[in-house]
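Q: Based on what follows, work out the 3D shape:
(one chain, ligands or ions: 2)
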Amino acid sequence: MTDEVAGSSPENRGDGRDRAHYDAAEIEARWRARWEADDLYRTDDDAPGEKWYSLTMYPYPSGTLHVGHWYAFAVPDVFARRQRMAGYNVLFPMGFDAFGLPAENAAIRHGIHPATWTVDNIASMRDQYRQMGAMIDWSREVVTCTPEYYHWNQWLFLRMLERGLAYRAKAAVWWCPNDQTVLANEQVLETDGGFECERCGAAVAKRELEQWFYRITAYAEELLRDGAELDWPDRVKTMQRNWIGRSEGARLSFALETGDTLDVFTTRPDTVWGATFMVLAPEHPLVVALTAGDRQAEVAAYVARARQATEIERQSTDADRARTGVFTGGYARNPVTDERIPVWIADYVLMGYGTGAIMAVPAGDQRDFEFAQTFDLPIRVVVQPDEGPTLDPRTITEAYRGPGTIVNSGPINGKRVPEQLPEIIEYLTATGRGQFEVTYRLRDWSISRQRYWGTPIPVVYCDACGIVPVPDDQLPVLLPLDAAFTPTGQSPLVSHESFLHTTCPACGGAARRETDTLDTFVDSSWYWFRYTSPDERGKPFDPAKAKMWCPVDLYSGGIEHAILHLLYARFITKVCRDFGLIDHGEPFTRLRNQGMILSEEGIKMSKSRGTQVAPDVLVREFGADSLRLHLMYLGPWDQGGPWNSRGITGMERFIKRAFTVVSESVVASGVDDGPPGSTDADGSRVRRLTHRTIARVTHDLDGFHFNTMVAALIEFVNELMRLKDGPAAKTAAWREAMESLVLLMAPSTPHVAEELWARLGGSYSVHHQPWPIADATWTRAELIELVIQVNGKVRDRLNVEAGLPEADATVLAMASDRVRETLGDREPSRVIYVADRLVNVVVT
Ligand code: ANZ
Ligand code: ZN
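A: Ligands and ions are numbered 1, 2, ... in the order given. Down below sits the predicted model:
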């Protein structure tokens, strides 16, 4: 730490210092040094208390922490601290997602080795995290680019390979013909004319290459089912559900004139009588066989063009996309009408979904409709809506997808959709046209990266034996650090001779190593298990420790990880369960997303535009405690909002007032340790204030309402400031108020709370104290006696809650039997209300 005060210790605190003055820098450095010396935040597996695992998404070691990191980490730290004070044994670890593209780019651009760049960045970020005053147990730190960690990526890969959950298959990837390498999606730039290589500017296209995959689709159904039960934001659950994209329908078979069979997946098998043509994805394997001789050139040109489009463009539901296509010259037989229907190719049909081919029903599907209009293909109406004019294929302007009655469909005419869809599927199955099928949008996870800075994939290629897994006792396959960095666009591993050439573990002959590395999402798909036993040597993690700490009770992070990371993490958890490593199937019981801190102008903070706020400067000027409070007070944590640089002075002022109130109370020896439960009016007032604040702060913290929690603390201190020079400060209740204040502040402002706790004479550390409990006697609403008069004469006395609004008081007064008797059938002319004292009903 850079701002440490040498030789300081809590015992000599105050010597020669101005005790009434709040010096954030001095206090924070001194206590942090003490905490570190004492290992205050080390988590002991065997400590008493129920376990609580609070996890925050680990950062990429980009170099410096900005306020966004603080927002993501310091605020959950407040919650974790509160859990510890509530009696839980809390694990709140920290690590770095240390492999990845930016390190490699820095290497190529600035000639720094990715390892050096990463290690240096981690060192400076660690210092910055320390400044935050977070209760991180650094002894459990996990850094994914170390062999001790990626060893287990390789081990998991091999286990998955054994079970068929890892496999190799052809996939379309971007290929730069100039650099002779595969490009990541991020390295492809879209230009007016097409796509080009970010490095050399050459025109690039997609190529089919062998890649490694993880079979996440094997868990699609389970991911969908279990996902519904999680205590996660609905938004995230919905995104995952849509990403998995379960569709029920049928697979129908169409005979081709070539003798082949063409299967399609459809959610609307009831519309097969309206299928007037078929469409294949450009990559469909039957394209070549189906294409008639005279159509080959045109088809080849279309297929080549389609390869250029990105998956995202092609998936867009924009109907405009359904206006390009090409006829193959081939025909199929509609299995129910036996009509001869043409087979086309169009890129609105995706190879990766269903079977990569569709039956086109222009009257029922908008894209098919656009396509039929563009190429003048027949349209047949097969569903009539219940209301409105009868649909006529010659005049309709769009497809109809709603409910209705089946027409023009022979044996199923008159059936209702969607109600009778199951019967229709049964009919089609019984007559041999197809069967019920469920399809998912989810694709297997492509894990190969043609990149250097990642985990080597532990397989070798042998001419005699084929693909040979590296045996466990030869793990880890080390990533060579002496790879040459020349900006040729090639992964350095391809040209690293001693890495590339090896011997086959099976036959001992010459073999080549896999030069692709694993996607960094593989690293983050199990890292939280490693925190539970970071030094485990024989396995990815110690199953007993993982069982003890996992699942994670609370996971927090940005919404940008709603799909990929969180879905991969859930998948690998289920895989680990099926390997017998753990006994649960979901990694994160609760998920909370923080909002984004925007710049003062309300736009995204960015380094390049200079709108990023550096926490270090603020820490130096105001202290970490003020910054922590400020972040909490900016707005609801799950919403984020624009940064406001003035607000932090308000937080500093609050801390100073709390500091004054507590410090002065200690100095004033008038603090009376009288019997608890003292009932004199001043004491009761203080107790009511204290316990109501405890209740509010506890409630808000537990609900992640950090901003209103800070507001409750501010109000509390303001009240105490008003009372501190009066008789209230002489009561036994005052001491309880001071202690409660410090305890309530401890999670949010850990440094100053520790200082004030010491000043109150509390035992070290405030962070080991139990959380104060609100006493219901004092949080209950105060009852007062309300005098009820009629024309100034007392008629009744009611016990009511203090602070009753006038309307309620009037209703109560008018409901009193004694008042009703007195009034008879006279109507009151007016009602006078003196809050908490009396209601006077005036009649004339
Ligand atoms: C005939 C039909 C008639 C369809 C109709 C829809 C409405 P969801 O619901 O998203 O699962 N489809 C099937 N495979 C496709 C692919 N590889 N690329 C593009 N579209 C494909 O979508 C299923 C529907 O999308 C399927 O049902 C099919 O069109 C189309 F009135 O078949 B339908
Ligand atoms: Zn071999």
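
Q: What residues of the helix or strand hosting R696 count as buried?
A: Element membership for R696, per DSSP states H and E: helix 681-702. Of the residues in helix 681-702, those buried under the neighbour-count criterion (16 or more other C-beta atoms under 10 Å) are 682-698, 700-701. Just so you know, the C-beta spots here come from the backbone N, C-alpha and C atoms, and that holds for glycine as well.

Q: Equivalent analysis for stretch 500-514, please.
A: For stretch 500-514, burial by neighbour count (16+ other C-beta under 10 Å) applies to L500, T502, C504, P505, A511, R513, E514.

Q: how far away is the first one from W174?
A: Meaning L500. From L500 over to W174 the distance is 23 Å, taken as C-beta to C-beta, to the nearest Å.

Q: With the fourth one instead?
A: Between P505 and W174 the distance is 32 Å, computed by C-beta to C-beta.

Q: again with the fifth one
A: Using C-beta to C-beta, one obtains 28 Å as the distance from A511 to W174.

Q: Work out for me the element V182 sits within.
A: Using DSSP H and E, V182 falls within strand 181-183.

Q: again but with P335, I slipped
A: In the assignment (DSSP H and E), P335 maps to no helix and no strand.

Q: The closest residue to it other than its chain neighbours - how many residues pack around it?
A: Of all residues not flanking P335 in the chain, R433 sits nearest, at 4.6 Å (C-beta to C-beta, 6 or more residues apart in numbering). Applying the criterion other C-beta atoms under 10 Å, we find 19 residues in the vicinity of R433.

Q: Of all residues in the chain, which one is closest to ligand 1?
A: Sorted by distance to ligand 1 under C-beta to the nearest ligand atom, the residues of the chain start with G364, at 2.1 Å.

Q: correct me, but that residue touches V383?
A: Yes: using C-beta atoms under 8 Å as the test, G364 is close enough to V383 to be in contact (6.5 Å).

Q: who touches both of those two?
A: T271, G274, Y400 (C-beta atoms under 8 Å, 6 or more residues apart in numbering).

Q: now, which of the residues you listed lie close to ligand 1?
A: Under the cut-off given by C-beta under 6 Å from any ligand atom, ligand 1 has T271 from the shared contacts of G364 and V383 close to it.

Q: possible to save the shared contacts of G364 and V383 as a markdown table with pLDDT?
A: A markdown table is the format used below for the shared contacts of G364 and V383 (pLDDT from 0 to 100):
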| residue | pLDDT |
| --- | --- |
| T271 | 97 |
| G274 | 97 |
| Y400 | 95 |
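
Q: tell me the SS of the closest residue to ligand 2 within the stretch 651-800 of the chain?
A: For the stretch 651-800 of the chain, the residue closest to ligand 2 is F704, as judged by C-beta to the ion, at 56.3 Å. The local conformation at F704, judged by DSSP: H, G, I helix; E, B strand; the rest coil, is coil.

Q: For R251, which three-state class applies?
A: R251 falls in the strand class when you classify it by three-state DSSP.

Q: again with the one 4 residues further on
A: Three-state secondary structure (criterion: three-state DSSP) places A255 in strand.

Q: who's it bridged to?
A: In this entry, A255 is beta-bridged to T261, R333, by DSSP bridges.

Q: Neighbours of it, how many?
A: Taking other C-beta under 10 Å as the criterion, the count of residues near A255 is 15.

Q: My guess is it contacts D338. True?
A: No: with contacts defined as C-beta under 8 Å, A255 does not count as touching D338, sitting 9.6 Å away.

Q: What ranges in the stretch 251-400 of the chain fall below the confidence cut-off?
A: Applying pLDDT under 70 to the stretch 251-400 of the chain flags residues 309-322.

Q: hmm, 50 instead?
A: Segments of the stretch 251-400 of the chain classed as low confidence (criterion: pLDDT under 50) are 312.

Q: Up against ligand 1, what does it have?
A: For the stretch 251-400 of the chain, the contact set with ligand 1 under C-beta under 6 Å from any ligand atom comprises 265-268, 271, 281, 349-350, 353-354, 356, 358-359, 361, 364-365.

Q: try it again with 8 Å
A: With the criterion set to C-beta under 8 Å from any ligand atom, the stretch 251-400 of the chain comes near ligand 1 through 264-269, 271-272, 274-275, 281, 348-361, 363-365, 367-368, 383, 399.

Q: Drop anything exposed from these.
A: Buried residues within those, counting neighbours by 16+ other C-beta under 10 Å: 264-269, 271-272, 274-275, 281, 348-351, 353-361, 363-365, 367-368, 383, 399.

Q: Among those, which are located in helices?
A: Secondary structure from DSSP state H places R367, D368 of these in helices.

Q: out of the buried ones among the residues of the stretch 251-400 of the chain next to ligand 1, who's near ligand 2?
A: When those are filtered against ligand 2 using C-beta under 5 Å from the ion, no residues are retained.

Q: Give me the mean pLDDT for stretch 468-482.
A: pLDDT averaged over stretch 468-482 equals 96, rounded to a whole number.

Q: no no, stretch 59-72
A: 89.

Q: Which segments of this structure make up each domain?
A: Under the assignment automatic domain parsing, the domains of the chain span 25-150+522-615, 246-440, 621-777, 783-842.

Q: what distance separates the start and the end of the longest one?
A: Here the two ends of domain 25-150+522-615 are set 14 Å apart, with distance taken as C-alpha to C-alpha, to the nearest Å.

Q: same thing with the shortest one?
A: Distance between the two ends of domain 783-842: 25 Å, counting by C-alpha to C-alpha.

Q: please begin residue numbering at 32 from this point
A: Sure thing, new numbering starts at 32, so read that last one as domain 814-873.

Q: ok, which stretches of the stretch 132-281 of the chain are helices?
A: Taking DSSP state H, counting those that start in this stretch as the criterion, the stretch 132-281 of the chain carries its helices at 132-141, 145-162, 178-193, 251-258, 265-275.

Q: Go through stretch 483-494 and flag the buried ones.
A: The neighbour-count check on stretch 483-494 (16+ other C-beta under 10 Å) flags Y483, W484, G485, T486, P487, I488, P489, V490, V491, C493 as buried.

Q: Hmm, I typed the wrong one, I wanted stretch 795-806.
A: Here stretch 795-806 shows S796, V797, H798, Q800, W802, P803, A805, D806 as buried, counting by 16+ other C-beta under 10 Å.

Q: Where in this structure is the helix or strand with the lowest mean pLDDT?
A: Comparing helices and strands within the chain by mean pLDDT, DSSP states H and E singles out helix 342-346 as the least confident, with a mean of 53.

Q: Got phi/psi on the residue nearest to P366?
A: Dihedral angles of R464 (phi, psi; degrees, to the nearest 10) stand at phi -90, psi -20.

Q: Next: the one 10 residues further on.
A: In this entry, R474 is assigned phi and psi values of phi -110, psi 160 (degrees, to the nearest 10).
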